[in-house]
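> here is my input, please return the structure:
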Amino acid sequence: MFNLFGRNHGKSLKQLMDELNEMMNDDWSSFTRMDINELKGTDELGEFETETFESPDGSMKYTIRTYKIGGSPKPNKEERGSLESLKKQLDTAVKKEDYQLAIYLRDKIKNFEKDQEEIKKIEDELKACVEAQEFEKAIELRNQLRKMKP
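Sure thing, here's the model as predicted:
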């Protein structure tokens, strides 16, 4: 049966959709592909493609994100979100002529570089809050850092 946790190796999209259709007791075959929402790119998990489908009356939509096997390797935990990782992703996007992703990554790199001093200041303040057991303030600072870091 359809597995919601990603253990569907070896099954085609059609097989998965047939199983989902059986579970939902609905006919998904009438859904049409929406090319305007197709997106390709790279994130922390590797290269991906998305496709969006819509019901004939427009009341339901679903999006499929597919990660490529053997695509760009995902960064390890230390590299994830680092400036070096972003620059590598940018180089890959330019080589693949994925300029939409390149623009996004370029802007993310610029913002990250611009915010380095502020990030360092907040990290120091966060460390002091944790040491002083001011966890409410630490939560606010952590959330602020998450917004600023790539």
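
> helices along this structure, start to end?
Using DSSP state H, the helices assigned to the chain run over residues 13-24, 83-95, 99-114, 116-131, 135-148.

> and the angle from the second one to helix 116-131?
Compare the direction of helix 83-95 with that of helix 116-131 by axes from the mean of the first three to the mean of the last three C-alpha atoms, to 10 degrees and you get 140 degrees.

> so which bits of helix 83-95 are buried?
Buried residues in helix 83-95, defined by neighbour count with 16 or more other C-beta atoms under 10 Å: 85-86, 88-90, 92-93. Every residue, glycine included, has its C-beta placed from N, CA and C.

> before we move on, the earlier item: so can I have CSV of the helices of the chain showing distance to residue 46?
Below are those laid out as CSV (distance: least, C-beta to C-beta, whole Å):
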stretch, distance to residue 46
helix 13-24, 18
helix 83-95, 10
helix 99-114, 13
helix 116-131, 26
helix 135-148, 22
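
> nearest to residue 43, of these?
helix 83-95 (8.5 Å; C-beta to C-beta).

> what packs against that closest one?
On a contact count with 3 or more C-beta pairs under 8 Å, 6 or more residues apart in numbering; DSSP states H and E, helix 83-95 meets strand 32-43, helix 99-114.

> got the CA positions of that helix in PDB?
Output of helix 83-95 as PDB, limited to C-alpha atoms (Å, rounded to 0.1, in the frame of the first residue of the first chain):
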ATOM      1  CA  LEU A  83      28.400  30.400   2.900                       C
ATOM      2  CA  GLU A  84      30.700  27.900   1.200                       C
ATOM      3  CA  SER A  85      27.700  25.500   0.600                       C
ATOM      4  CA  LEU A  86      25.700  28.400  -0.900                       C
ATOM      5  CA  LYS A  87      28.600  29.300  -3.200                       C
ATOM      6  CA  LYS A  88      28.900  25.700  -4.400                       C
ATOM      7  CA  GLN A  89      25.200  25.600  -5.100                       C
ATOM      8  CA  LEU A  90      25.400  28.800  -7.000                       C
ATOM      9  CA  ASP A  91      28.300  27.500  -9.100                       C
ATOM     10  CA  THR A  92      26.200  24.300  -9.900                       C
ATOM     11  CA  ALA A  93      23.200  26.400 -10.800                       C
ATOM     12  CA  VAL A  94      25.100  28.600 -13.200                       C
ATOM     13  CA  LYS A  95      26.800  25.500 -14.800                       C
END
